[in-house]
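[1] Give the three-dimensional model of this entry:
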Amino acid sequence: MAKSTKENIYNLKGFKSVLGFTLGQMFKSKAYLISWIFMIVFMCAIGPIQMLSTSKNMAAGSSFASGEIKTEQLDKINGLVLFNGTPIEMSYDDVVKSLDSRLENIYLSVVDNANDFDMAVSDFENSVSLSDSFGDEVTPADTLVKVYIGIDMETNSFTINGVVSDNSLISDASLEEITNDIETCFNEARYTSTGISKEDLESVMSGFNTKDAVTDTEYHDALKDKYSEEEIYELSYQFVMIMIIVVSLSISYIITVVMEEKSSKLAETILVSVRPLALIMGKIVSVMIYVFSIVIFGCLGSLVTNKICAKYLDAKGPVSNIMNFSAIFDHGAIAVVVVLISLIFSYLIYAIFAGILGSACAKQEDIQTSTQVVSFVNIIVGFVAMFGPTFFNETVVRVLSFIPPFSCYLAPVTYMVGQISLLEVIVSLIIQMIAVALLFMLCAKVYRVLILRDNKKAKIKDIIEIARSKEEVSNV
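    As a prediction, the model looks like this:
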């Protein structure tokens, strides 16, 4: 008597048929087709909408740069120390003339070396006393503006940076106004030193490559080419937004379809010609094609519409990375590949997890519970990925960049901002791939049992028992 063997649980017979049928059904459905079109249009349009809106707000807000509001902001400035690190000479009198008349009584020092600069800052902090209206927690340093003028050797252009303390009372508008005044003064000094007319010089000079920093911390981070906390948060938020689209459009469909086939006994009929793993993986891959077509077309469309809007509609306002789906293209081809691979692995982790939970359901009411479980996990991971790079210790973030599913969200962001190297992000992707492989093996082990089990909802311990059970697997 021949020895019987169990079926190969990794057999994918019928995968192509399930893939083609599921994908066809999704695009034939008016609801899914409308959702597909709407999401792509939304991703393409949100950038231009922000640009146009910001441009209008900037134009409308320019009127507030004068009058009482401007006076109130300038009144908080008690001192200005200017460091001129260029060969162009700027006199004390020239700087005084360039500043607003309401700043004529503030502490002012113009220096051209680091020692004099430190002495001037120390002299200001020791000699200036604040009125009681500022409060006990405010120090003289919080009312001081430090301006650095230098030369960017890479671009062969001048730089000007206005810097205030981390707890400064001075507004961004006031800081920008002062740096603009000093830039004008510096240009006039350049014109004088060359001996040619201002008009002729402007036609051949590139002028300033200006980068304003708000606080000391941000200024020194900028010198080291480090991203600010705001930039890291925006990049994290933008990537989490893409992941929310990927996960939210997929898990509910997968759980629902699996449960409907199970409850209607349709799965028993299908499994006659299609292997269990092929049945679930066909659905997962078809949904992945549907969702990722939205992400790819949406991001590419966002890149195109942003450029068109900026060029032809005269929209000069900045686009916040929070809702800028073309931002991933700003960090190079390698970053785009890392993001795409991480998105795929993240999707597969959640989709396989959703497929297992869907097969564990026993009645329609269980669908909502299973969907909530996957959504809750996604929210927790997304919350950590969104705020972790900004508020967590850098060591904690680096560690989480290697632990799935956190690494699916964090690794691309930490790589793009320079917190982990290319080699480290490759290791992270390999760990993600191993996690997907383990889930794939778990799904192959339990799905074929759970999909035919309809007496009660399987709990976590039931799934673990099925996974631990030993069965003989054939080689066919």
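[2] What separation do you get for I280 and S302?
    Distance of I280 to S302, computed by Cβ to Cβ, to the nearest Å: 33 Å. Placement of C-beta: from N, CA and C, glycine included.
[3] I misspoke; the intended subject was N167.
    In this structure, N167 and S302 are 37 Å apart, going by Cβ to Cβ.
[4] out of the two, which sits in the busier spot?
    Comparing N167 with S302 by neighbour count (other Cβ atoms under 10 Å), the higher total belongs to S302, at 26 against 11.
[5] pull the longest helix from the chain.
    helix 276-312 (DSSP state H).
[6] what's the following helix or strand after that one?
    helix 333-360 (DSSP states H and E).
[7] any idea which helix or strand comes after the helix-or-strand element of the chain with minimal mean pLDDT?
    For the chain, the helix or strand with the lowest mean confidence is helix 68-74, at a mean of 46 (criterion: mean pLDDT, DSSP states H and E). Toward the C-terminal end, the helix or strand that comes next after helix 68-74 (DSSP H and E) is strand 79-84.
[8] okay, the most centrally placed residue in the chain: pLDDT?
    Nearest to the geometric centre of the chain sits L235, at 1.8 Å (Cα atoms, centre = their mean). The score at L235 is 80. That number is its pLDDT.
[9] can you give me the strands for the protein?
    79-84, 107-111, 144-152, 157-163 (DSSP state E).
[10] Tell me which other helices or strands the longest one touches.
    To tie it back to what came earlier, the one meant is strand 144-152. strand 79-84, helix 114-127, strand 157-163, helix 172-194 (3 or more Cβ pairs under 8 Å, 6 or more residues apart in numbering; DSSP states H and E).
[11] If you count neighbours, what's buried in it?
    L144, V145, K146, V147, Y148, I149 (16 or more other Cβ atoms under 10 Å).
[12] For that strand, which outside residues touch it?
    The contact list for strand 144-152 (Cβ atoms under 8 Å, 6 or more residues apart in numbering) reads 77-86, 90, 107, 121, 124-125, 157-165, 170, 175, 178-179, 182, 186, 209, 219.
[13] Also the first one?
    If you take Cβ under 8 Å, 6+ apart as the criterion, strand 79-84 is touched by 90, 95, 99, 103, 106-112, 114, 117, 120-121, 124, 128, 140, 143-149, 178, 182, 186.
[14] so where's the stretch 251-400 of the chain shaky on pLDDT?
    265-269, 271-272, 313-323 (pLDDT under 70).
[15] Repeat that for the stretch 101-250 of the chain.
    102, 131-136, 195-228.
[16] Buried among the contacts of strand 144-152? Make that a ChimeraX selection.
    Buried residues among the contacts of strand 144-152 (16+ other Cβ under 10 Å), as a ChimeraX selection:
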select :77,78,79,80,81,82,83,84,85,86,90,107,121,124,158,159,160,161,162,163,164,165,170,175,178,179,182,186,219
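[17] how much space between P87 and K146?
    P87 is 21 Å from K146, by Cβ to Cβ.
[18] I misspoke; the intended subject was D118.
    11 Å.
[19] Also S122?
    Applying Cβ to Cβ to S122 and K146 gives a distance of 12 Å.
[20] just I451 next, same as before
    68 Å.
[21] And S375, by the same measure?
    S375 sits 48 Å away from K146, going by Cβ to Cβ.
[22] Equivalent analysis for S401, please.
    On the measure of Cβ to Cβ, S401 and K146 end up 36 Å apart.
[23] same question, L400
    L400 is 37 Å from K146, where distance means Cβ to Cβ.
[24] Next: N105.
    Taken as Cβ to Cβ, the span from N105 to K146 is 19 Å.
[25] Repeat that for Q364.
    In terms of Cβ to Cβ, Q364 sits 66 Å off from K146.
[26] Output the helices and strands packed on strand 144-152 in CSV, with distance to I40 appended to each entry.
    Shown next, in CSV, are the helices and strands packed on strand 144-152 (distance: least, Cβ to Cβ, whole Å):
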stretch, distance to I40
strand 79-84, 50
helix 114-127, 53
strand 157-163, 40
helix 172-194, 36
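[27] so which of these comes closest to Q50?
    Shortest separation from Q50 across these is recorded for helix 172-194, at 19.2 Å, computed as Cβ to Cβ.
[28] Which elements pack onto the closest one?
    By 3+ Cβ pairs under 8 Å, 6+ apart, helix 172-194 packs against helix 68-74, strand 79-84, helix 92-98, strand 144-152, strand 157-163, helix 198-204.
[29] For the third one, C-alpha coordinates in CSV please.
    Going back to what we said before, that points to helix 92-98. Taking C-alpha atoms only, helix 92-98 is exported to CSV below (Å, rounded to 0.1, in the frame of the first residue of the first chain):
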residue,chain,number,x,y,z
TYR,A,92,29.0,100.9,11.4
ASP,A,93,27.5,104.0,10.0
ASP,A,94,26.4,102.2,6.8
VAL,A,95,24.6,99.6,8.8
VAL,A,96,22.9,102.2,11.0
LYS,A,97,21.6,104.0,7.9
SER,A,98,20.2,100.8,6.4
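[30] Contacts for that helix, please.
    L82, E104, L108, V110, D181, I182, T184, C185, E188, A189.
[31] For the fourth one, list the residues it contacts.
    Under the criterion of Cβ under 8 Å, 6+ apart, the neighbours of V110 are L82, N84, M90, S91, Y92, V95.
[32] go again using 10 Å as the cut-off
    80-84, 89-96, 116-117, 120, 147, 182 (Cβ atoms under 10 Å, 6 or more residues apart in numbering).
[33] And the third one, by the same measure?
    Contact partners of L108, counting by Cβ under 10 Å, 6+ apart, are G79, L80, V81, L82, Y92, V95, V96, L99, A120, F124.
[34] what sits opposite the first one in the beta ladder?
    Pointing back at G79 there. Taking DSSP bridges as the rule, G79 bridges to Y107, L144.
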